[in-house]
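Novice: can't give you the sequence, but here's the structure:
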RNA sequence: GAUCGCGUAGCUCAGCGGUAGAGCAUCUGCCUUUUAAGCAGAGGGUCGAUGGUUCGAGACCAUCCGCGAUCACCA
């Protein structure tokens, strides 16, 4: 760094502004590489990017510059550039330059830019990790000294993005997934809305919240764990279809599939039920996969996941019976515990029948759900915001979508009976009093809204990060979040 | 939160009781179509931190900090 500071001073002494204000480009690396033909007339281009490699040979040099679309080689010759060529010696890998010149093909066949002018756009003071690549005759790429220290990559994501192009590709795909999701929902005339992230009462999910304090009002506030209760208030208010793509915050452990802040898409549609919502989910995910990879399938390890609708549909009890031959329907707590024991599943003695069934499901069934599958009809105790099943006693109209053994969405026919909802909240309050920190809290204002009347409504939540993981073949949530949560440095 | 593993040059790593190393990057010289450019030379380190054991610690021990993996909690 010290050396680069000196170079900076030398450049200034030579009247080179190391930090000019703008640069006019008319092409990108990718466009040039795609469009260039040997027989075309002289093509003058102007590009800008970061120097990623340099090969200096006295009075001529080659360098690769990287812009958002990729890398392209530039060729700089003293004969063509004159005095500024000497300043080029003061440049380093990591500096950002603009280059104007004509496109040509080198002796070794690489399409490159023969510079007629170049300008320093930003001097880099901190050395970038240098990653080299070799492509052999078969076209296989070997990477030398890759920048792979996970801690550095996550703490200094900007470096990771510069140096590891596949990381950048993943995040571009993330953005495309969100774009296609919005396009799909907007075409159906659902309104994208915004609801509070700071909430006096948190609800809509079972999780522990982050707590903060508002000074002016002198009240505690919670970061939302879900948008659900606010979006339903909007359905009460007369909107037929609303969705929100937002960060939720849950004060819990971190691992492969959990980050304390994560992105959720929630959608509520009036006059629809969960069966309608299943079809919407299939179509939406299918359209996203199509637009992303031009294919309905994604390869994950040994599995080829096919998102083409319709997806397999199983009831929760049916799926347990399918994979374990155990019939759980109508069993009481003692009977369920006995079955769990037969299946070698350890259970917390405090949990009730709903959670026992869920636990058995997650061990016995979930790992088998590789191809997209909807699991329907959950026990009522697990789902305090879902509507009672129209024909099955003790169940609610709820489904979750599973792909590759992981849940990607959760949806219900929304509970709109205010008296039932109050009773469900009261159950939750009892659980909380018994020490269940994740039990939901009574929300009187939400109940008041329901008392005014909410139409029949279907609701959906999709964990965006996990969907992105699936579609980009990443197996850690940190690899689809730009700046994952880390402990503070030092 | 628990268990195990890791932390050495800008990056990737070797060294595992006896003078801190390699490749790339950097610097100097040569080089006007190179591409992991090449050739010749040079510089670069609180070995994560603090204590301890030892004649001697990068290495052994303890504690702490950070990261990772697995598990637990959790969608």
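Specialist: Happy to help now that I have it. From a predicted model like this one, the values you see are computed outputs, not experimental measurements.
Novice: got the residues of the stretch 101-250 of chain A near RNA strand B?
Specialist: Proximity of the stretch 101-250 of chain A to RNA strand B is confined to A:104, A:106-110, A:112, A:114, A:127-135, A:144-152, A:154, A:205-207, A:250 under the rule C-beta under 7 Å from any atom of the strand. No exception for glycine: its C-beta is placed from N, CA and C like everyone else's.
Novice: next SSE after the helix or strand hosting residue A:445?
Specialist: Using DSSP states H and E, residue A:445 falls within helix A:444-452. Downstream of helix A:444-452, the first helix or strand assigned by DSSP H and E is strand A:457-463.
Novice: parallel or antiparallel, list what pairs with that following strand.
Specialist: Strand A:457-463 has the following strand partners under DSSP bridges: strand A:261-270 (antiparallel), strand A:406-413 (antiparallel).
Novice: I'd like those written out as CSV, with mean pLDDT added.
Specialist: Formatted as CSV, the strands paired with strand A:457-463 follow (pLDDT from 0 to 100):
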stretch, mean pLDDT
strand A:261-270, 96
strand A:406-413, 94
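Novice: tabulate those strands (a markdown table), appending distance to RNA strand B.
Specialist: Output for the strands paired with strand A:457-463, formatted as a markdown table (distance: least, C-beta to the nearest atom of the strand, whole Å):
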| stretch | distance to RNA strand B |
| --- | --- |
| strand A:261-270 | 7 |
| strand A:406-413 | 5 |
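Novice: can you redo those as a markdown table with mean neighbour count?
Specialist: What follows is the strands paired with strand A:457-463, written out as a markdown table (neighbours: other C-beta atoms under 10 Å):
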| stretch | mean neighbour count |
| --- | --- |
| strand A:261-270 | 22 |
| strand A:406-413 | 22 |
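Novice: ok, of the residues of the stretch 101-250 of chain A next to RNA strand B, which come out buried?
Specialist: In terms of neighbour count (16 or more other C-beta atoms under 10 Å), the buried residues within those are A:112, A:114, A:128, A:129, A:131, A:147, A:154, A:205, A:206, A:207, A:250.
Novice: among those residues, which ones are in helices?
Specialist: Under the assignment DSSP state H, those contribute residue A:154 to helices.
Novice: now for the buried ones among the residues of the stretch 101-250 of chain A next to RNA strand B: which two are most distant?
Specialist: Spanning the widest gap among these are A:114 and A:206, at 63.0 Å by C-beta to C-beta.
Novice: which ones are touching residue A:177?
Specialist: If a contact means C-beta atoms under 8 Å, 6 or more residues apart in numbering, then residue A:177 has A:288, A:292, A:464, A:467, A:468, A:471 as its contacts.
Novice: helix or strand for it, which one?
Specialist: Following DSSP H and E, one finds residue A:177 within helix A:165-187.
Novice: average model confidence for that helix?
Specialist: In this model, helix A:165-187 carries a mean pLDDT of 95.
Novice: closest residue of the stretch 351-490 of chain A to RNA strand B?
Specialist: RNA strand B sits closest to residue A:487 of the stretch 351-490 of chain A, with a gap of 3.1 Å, by C-beta to the nearest atom of the strand.
Novice: that residue falls within a strand, correct?
Specialist: No. Read with DSSP: H, G, I helix; E, B strand; the rest coil, residue A:487 is coil and lies in no strand.
Novice: and the longest strand for chain A?
Specialist: Ranked by residue count and defined by DSSP state E, the top strand of chain A is strand A:44-57.
Novice: what residues sit buried inside that one?
Specialist: Under the neighbour-count criterion of 16+ other C-beta under 10 Å, strand A:44-57 has A:45, A:46, A:47, A:48, A:49, A:50, A:51, A:52, A:53, A:54 buried.
Novice: quick one, what contacts the second one?
Specialist: Applying C-beta under 8 Å, 6+ apart to residue A:46 gives the contacts A:23, A:24, A:25, A:26, A:27, A:98, A:99, A:100.
Novice: list only those of the residues you listed flagged as buried.
Specialist: Buried among these (16+ other C-beta under 10 Å): A:23, A:27, A:98, A:99, A:100.
Novice: quick check: the farthest pair among those?
Specialist: Greatest spatial distance among the buried ones among the contacts of residue A:46 (C-beta to C-beta): A:23 and A:27, at 12.5 Å.
Novice: quick check: the residue lying farthest from the centre of chain A vs residue A:114, distance?
Specialist: Using C-alpha atoms, centre = their mean, the residue of chain A lying farthest from its centre is residue A:79. It sits 49.4 Å away. In this structure, residue A:79 and residue A:114 are 11 Å apart, going by C-beta to C-beta, to the nearest Å.
Novice: so residue A:404 touches residue A:303, yeah?
Specialist: Yes. Contact criterion C-beta atoms under 8 Å: residue A:404 and residue A:303 qualify, at 6.8 Å.
Novice: just the strands in the stretch 101-250 of chain A please.
Specialist: Listed in chain order, the strands of the stretch 101-250 of chain A (DSSP state E, counting those that start in this stretch) span A:111-122, A:132-135, A:141-144, A:191-192, A:198-199, A:211-214, A:219-223, A:241-249.
Novice: make a markdown table out of those and add distance to residue A:183 and mean pLDDT.
Specialist: Formatted as a markdown table, the strands of the stretch 101-250 of chain A follow (distance: least, C-beta to C-beta, whole Å; pLDDT from 0 to 100):
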| stretch | distance to residue A:183 | mean pLDDT |
| --- | --- | --- |
| strand A:111-122 | 34 | 96 |
| strand A:132-135 | 35 | 82 |
| strand A:141-144 | 34 | 78 |
| strand A:191-192 | 11 | 98 |
| strand A:198-199 | 29 | 94 |
| strand A:211-214 | 35 | 91 |
| strand A:219-223 | 29 | 93 |
| strand A:241-249 | 12 | 96 |
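Novice: including distance to residue A:9, could those go into JSON lines?
Specialist: Below are the strands of the stretch 101-250 of chain A laid out as JSON lines (distance: least, C-beta to C-beta, whole Å):
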{"stretch": "strand A:111-122", "distance to residue A:9": "14"}
{"stretch": "strand A:132-135", "distance to residue A:9": "30"}
{"stretch": "strand A:141-144", "distance to residue A:9": "33"}
{"stretch": "strand A:191-192", "distance to residue A:9": "51"}
{"stretch": "strand A:198-199", "distance to residue A:9": "48"}
{"stretch": "strand A:211-214", "distance to residue A:9": "46"}
{"stretch": "strand A:219-223", "distance to residue A:9": "47"}
{"stretch": "strand A:241-249", "distance to residue A:9": "44"}
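Novice: since that was my last question, I'll sign off now.
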